[in-house]
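Participant: output the structure for:
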Amino acid sequence: SLFDLICVFYPEFREARQISEWICNRKVLYILDGLDEYKKVLDFKNRLLSDVTEETSVDVLLVNLLRGRLLPSAHVWITSRPVAAGQLPSEVFRKGCITHIRGFTDEQKQEYFKRQFENTKLTKEVICHLKSQKSLWILCHIPLFCWISSVVLKDITENQNKDRNTPSNLTEMYIHYLLIQTGLSHKKYQGVELKILEGFLPSVWRSSSDDHRKVATYIKSLRRKDLSSERCIGLVRCLVELKNRSLLQEMHELERSQSKEPLTPFQSTLLAFQFVMSDTKHDEFDLRKYNISLDGFQRFSPAITCFRKALLKGSGFTEQHCEILTRYLSSPHSHLTHLDLSHNALGLSALEQLSTALRDPNSQTEILNLSHNNFQSQDMEQIRDVLSGENMNLRVLDLSDNPLQDPGVEILSDGLQSPNCHLEVLKLSGCQIKGGVYQLMSSLKVNSSYLRELDLRYNDLGNIGQEILQHGLPSLSISTGGECGHQPGLDKYFVALTFDPQTANEHLYLSENNTKVTRQKEKQQLPANGKRFDMCNQVLSCQPLIGRRFFTVDVIGPDVYVGVACKRMERKGASNAVCLGQNKMSWSLRLSDNLCVAHHYNETVSVQSESVRKLGVFVDRDAGSVCFYMLSPQYKLLYMFDADFPQDQELYAAFRIQEPNSSAVLMQETQ
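Facilitator: Just a heads-up that it's a prediction; the model follows:
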């Protein structure tokens with residue numbers, strides 16, 4: 001029972017049973033010091049408990065105490081690390097407050113050492129040394145560690161102990177401090193004792209070195225186990241303290257090799273550790289280029305604050321991943337100004353978390369890309385709150401290809417006319433906007449001093465497009481036009497393609513009005529021309545892919561490549577310059593039995609193991625992207641290429657069929 005638990009800490013209460021009644025009728029303060037050290041899971045769906053004498057497990061007692069069911073008049077004071085506190089539900093803090101004890105800032109650290117050392121030059125050297133050892137500089141946010149560091153560094157510099165190296169890690173700092181406190185560092189040994197020591201110390205040194213090697217080997221063996229992020233970082237720190245940087249070196253070599261294998265959880269943690277401990281701020285983080293899985297992102301996420309730009313597009317981000325990300329968006333240490341979350345299916349819950357983080361005073365985000373996320377009209381309430389918030393930093397916002405429609409744009413307009421909104425670029429292409437554009441323009445006239453670029457392409461504006469261009473604002477550049485249909489989503493960019501007989505290899509047979517291609521063993525007798533693939537079993541579409549286009553394919557049989565190719569891709573021979581997906585001029589997805597592989601130039605990525613029979617391909621010429629979607633049972637992004645399309649060449653749908661009797665059928669309407 002709760003009373004029994006209290007008696008564990010205060011045995012004297014056990015003799016006074018009436019104190020249990022006193023506890024129930026008074027405002028008693030309970031201090032849960034170090035709640036993060038409690039290892040059992042706190043399940044807040046546990047049964048309700050209100051009797052302090054009823055016996056149950058400790059986790060049930062704690063949950064009911066925190067929820068206010070047990071002793072509702074009591075006060076609870078929790079001390080915990082931020083990560084563990086973040087796992088408690090919001091209801092725990094609803095009637096209270098949160099205090100963050102942050103310690104010294106970087107400026108306060110420097111001020112502290114300036115006061116400790118009278119010599120200006122010496123002060124600079126001390127600060128410079130501590131900054132060069134990131135682990136020491138981070139720990140200096142604890143005032144006590146600043147004091148220990150100053151004691152050690154004073155002793156080394158003022159007493160001219162040049163024979164001792166300046167501490168470069170935590171272990172050395174504490175050893176130096178203990179030597180100073182005990183006074184052993186100034187004692188000298190001579191005579192017989194010295195000779196004995198000289199004979200004894202080499203064996204001790206050898207033993208110590210052997211122990212270090214054994215510890216390092218053991219730590220490396222643990223990386224294959226499923227360890228928590230904290231345990232992984234602790235092991236790496238232990239190696240660093242031993243001056244063993246072999247794991248870090250292995251990570252550098254792995255980065256240089258550009259391995260296509262996804263990073264293991266341990267490697268993701270190790271990579272994050274490297275970035276966090278580095279003094280430099282990095283420009284761009286691309287989740288796909290670093291080969292970090294979605295599970296690995298949780299371990300890598302603390303390092304996201306070290307980058308100015310985070311490219312998380314087409315990564316399969318969900319509400320859970322967005323919750324992890326938003327913790328660091330609002331971090332006071334974040335340098336992130338550019339965030340790309342396009343081509344994900346985030347949903348309203350994720351957008352709510354993102355909205356809260358963007359309104360935080362610590363958020364530095366200026367460029368936000370949320371295109372292709374299937375946000376609905378009512379979801380724009382979250383964006384409106386961001387635009388009208390007091391801490392609005394956004395300068396560029398891309399909401400393209402979300403079905404916002406007129407109601408969503410009208411909600412968005414309320415945020416645009418806020419005096420707090422300093423947005424400069426707004427992209428709303430492909431958002432199914434019609435009459436709602438009038439409300440949008442009215443809002444911009446109320447607050448027109450900042451917005452200079454408005455993208456309304458691929459909306460069915462009709463005559464409205466010409467009207468807003470004529471009566472728009474002088475300082476505002478408005479883009480309209482772009483061919484699209486009335487269907488929602490990618491279907492509005494659908495185009496019915498046919499195969500080009502002039503490009504088809506002699507082993508490829510066209511049928512059904514050139515909408516079906518089949519690979520046969522027998523060669524056809526076809527007239528030679530410069531367009532035809534003479535050795536590769538490939539064919540292009542008749543129609544070029546202009547602007548934004550979406551086409552769908554039904555694949556029959558194994559070893560079928562579907563993709564996009566530039567007009568001037570080589571046609572003769574069977575070299576990589578000709579083969580689809582093996583050169584800079586083409587991008588493809590290979591479909592086979594339980595195999596799906598993306599190809600471009602030197603890039604080869606296994607996408608998934610399940611069989612894909614119905615495929616959609618979306619090409620955005622201006623954005624430089626090629627996206628492959630599985631169509632059944634619903635659209636699911638399989639892979640996305642960032643493509644550097646040559647500006648002077650047309651793009652065509654391209655196909656390669658290796659296995660005899662395999663086929664590809666171009667759909668003539670959306671499913």
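
Participant: which SS class is Tyr564?
Facilitator: Wrong residue type there; residue 564 is Val, not Tyr. What DSSP: H, G, I helix; E, B strand; the rest coil gives for Val564 is strand.

Participant: now it, which residues is it bridged with?
Facilitator: Each beta-bridge partner of Val564 is listed here, defined by DSSP bridges: Trp587, Ala653.

Participant: burial of it, as a residue count?
Facilitator: Other residues near Val564 come to 28 when the count uses other Cβ atoms under 10 Å. In this view, the C-beta of every residue, glycine as well, is placed from N, C-alpha and C.

Participant: contact partners for it?
Facilitator: Counting by Cβ atoms under 8 Å, 6 or more residues apart in numbering, Val564 makes contact with Leu545, Ser586, Trp587, Ser588, Val617, Val619, Val626, Ala643, Leu651, Tyr652, Ala653, Ala654.

Participant: where do the helices sit along the stretch 1-150 of the chain?
Facilitator: Listed in chain order, the helices of the stretch 1-150 of the chain (DSSP state H, counting those that start in this stretch) span residues 2-9, 19-24, 58-67, 82-85, 106-116, 120-132, 134-139, 143-158.

Participant: can you give me the buried ones in the longest strand anywhere in the chain?
Facilitator: Longest strand in the chain, counting residues (DSSP state E): strand 548-556. Of the residues in strand 548-556, those buried under the neighbour-count criterion (16 or more other Cβ atoms under 10 Å) are Arg548, Arg549, Phe550, Phe551, Thr552, Val553, Asp554, Val555.

Participant: which of the residues you listed sits closest to Ile304?
Facilitator: Sorting the buried residues of strand 548-556 by how near they are to Ile304, with Cβ to Cβ, puts Arg548 at the top with 30.3 Å.

Participant: quickly note the distance from that closest one to Phe494.
Facilitator: For Arg548, the distance to Phe494 (Cβ to Cβ, to the nearest Å) stands at 10 Å.

Participant: one more: Ile6?
Facilitator: Between Ile6 and Phe494 the computed distance is 69 Å (Cβ to Cβ).

Participant: which of those two has more residues huddled nearby?
Facilitator: Per other Cβ under 10 Å, whichever of Ile6 and Phe494 has more neighbours is Phe494, with 22 against 18.

Participant: contacting residues for the more buried one?
Facilitator: Gly485, Gln487, Phe550, Phe551, Thr552, Glu669, Thr670.

Participant: backbone dihedrals for it, please?
Facilitator: In this entry, Phe494 is assigned phi and psi values of phi -60, psi 140 (degrees, to the nearest 10).

Participant: for it, list each beta-bridge partner.
Facilitator: Phe550.

Participant: got the confidence number for it?
Facilitator: As predicted, Phe494 sits at a pLDDT of 95.

Participant: if we can go back for a sec, show me which of the contacts of Val564 has the smallest pLDDT value.
Facilitator: Within the contacts of Val564, the minimum per-residue pLDDT falls on Ala643 (93).

Participant: how does this protein divide into domains?
Facilitator: With automatic domain parsing serving as the domain definition, the record reports that the chain contains domains spanning 2-92, 106-186, 188-219, 312-482, 490-666.

Participant: closest one to Ser229 among those?
Facilitator: domain 2-92 (9.1 Å).

Participant: how close does His338 get to Phe641?
Facilitator: In this view, His338 and Phe641 are 20 Å apart by Cβ to Cβ.

Participant: of the two, which one has the most company?
Facilitator: In this view His338 and Phe641 are compared by other Cβ under 10 Å, and Phe641 has more residues nearby, 24 against 18.

Participant: beta-bridge partners for that one, please?
Facilitator: The partner list for Phe641 in beta bridges (DSSP bridges) reads Val626.

Participant: my guess is it contacts His599. True?
Facilitator: No. Taking contacts as Cβ atoms under 8 Å, Phe641 lies outside contact range of His599: 9.7 Å.

Participant: need the residues touching each of the two.
Facilitator: Contact criterion Cβ under 8 Å, 6+ apart; residues shared by Phe641 and His599: Trp587.

Participant: export stretch 6-16 as PDB, just CAs?
Facilitator: Listed in PDB are the C-alpha atoms of stretch 6-16, where the atom choice follows Å, rounded to 0.1, in the frame of the first residue of the first chain:
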ATOM      1  CA  ILE A   6       6.100   5.600   2.900                       C
ATOM      2  CA  CYS A   7       7.100   3.500   5.900                       C
ATOM      3  CA  VAL A   8      10.000   2.000   3.900                       C
ATOM      4  CA  PHE A   9      11.500   5.500   3.800                       C
ATOM      5  CA  TYR A  10      10.200   6.700   7.200                       C
ATOM      6  CA  PRO A  11      10.100   3.600   9.500                       C
ATOM      7  CA  GLU A  12       9.000   5.700  12.400                       C
ATOM      8  CA  PHE A  13       5.600   6.200  10.800                       C
ATOM      9  CA  ARG A  14       4.800   2.500  11.200                       C
ATOM     10  CA  GLU A  15       4.400   2.900  15.000                       C
ATOM     11  CA  ALA A  16       1.700   5.600  14.400                       C
END
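
Participant: how about it, which residues are buried there?
Facilitator: Residues of stretch 6-16 classed as buried under the neighbour-count rule (16+ other Cβ under 10 Å) are Ile6, Cys7, Phe13.

Participant: ok, the residues you listed vs Phe375, which is closest?
Facilitator: The shortest approach to Phe375 among those belongs to Ile6, at 50.7 Å (Cβ to Cβ).

Participant: before we move on, back to that, most tightly packed of the helices of the stretch 1-150 of the chain?
Facilitator: helix 58-67 (a mean of 19; mean count of other Cβ atoms under 10 Å).

Participant: relative to helix 2-9, how tilted is it?
Facilitator: Between the axes of helix 58-67 and helix 2-9, defined by axes from the mean of the first three to the mean of the last three Cα atoms, to 10 degrees, the angle is 100 degrees.

Participant: what is helix 58-67 packed up against?
Facilitator: The contact analysis (3 or more Cβ pairs under 8 Å, 6 or more residues apart in numbering; DSSP states H and E) places helix 58-67 against helix 2-9, strand 75-79.

Participant: now it: average pLDDT?
Facilitator: Per-residue pLDDT values across helix 58-67 average out to 83.

Participant: before we move on, what about stretch 317-332?
Facilitator: Stretch 317-332 shows a mean pLDDT of 88 in the predicted model.

Participant: then it to PDB, C-alphas only?
Facilitator: Written as PDB, here are the backbone C-alpha positions of stretch 317-332 (Å, rounded to 0.1, in the frame of the first residue of the first chain):
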ATOM      1  CA  PHE A 317       7.300   9.800 -41.700                       C
ATOM      2  CA  THR A 318       4.400   9.200 -39.400                       C
ATOM      3  CA  GLU A 319       2.900  10.900 -36.300                       C
ATOM      4  CA  GLN A 320       5.400   9.000 -34.100                       C
ATOM      5  CA  HIS A 321       8.400  10.200 -36.000                       C
ATOM      6  CA  CYS A 322       7.100  13.800 -36.100                       C
ATOM      7  CA  GLU A 323       6.700  13.700 -32.300                       C
ATOM      8  CA  ILE A 324      10.500  12.900 -32.100                       C
ATOM      9  CA  LEU A 325      11.400  15.600 -34.600                       C
ATOM     10  CA  THR A 326       9.400  18.400 -32.900                       C
ATOM     11  CA  ARG A 327      11.200  17.900 -29.600                       C
ATOM     12  CA  TYR A 328      14.400  19.200 -31.300                       C
ATOM     13  CA  LEU A 329      12.700  21.900 -33.500                       C
ATOM     14  CA  SER A 330      11.900  23.800 -30.300                       C
ATOM     15  CA  SER A 331      15.300  23.100 -28.700                       C
ATOM     16  CA  PRO A 332      17.300  26.200 -27.800                       C
END
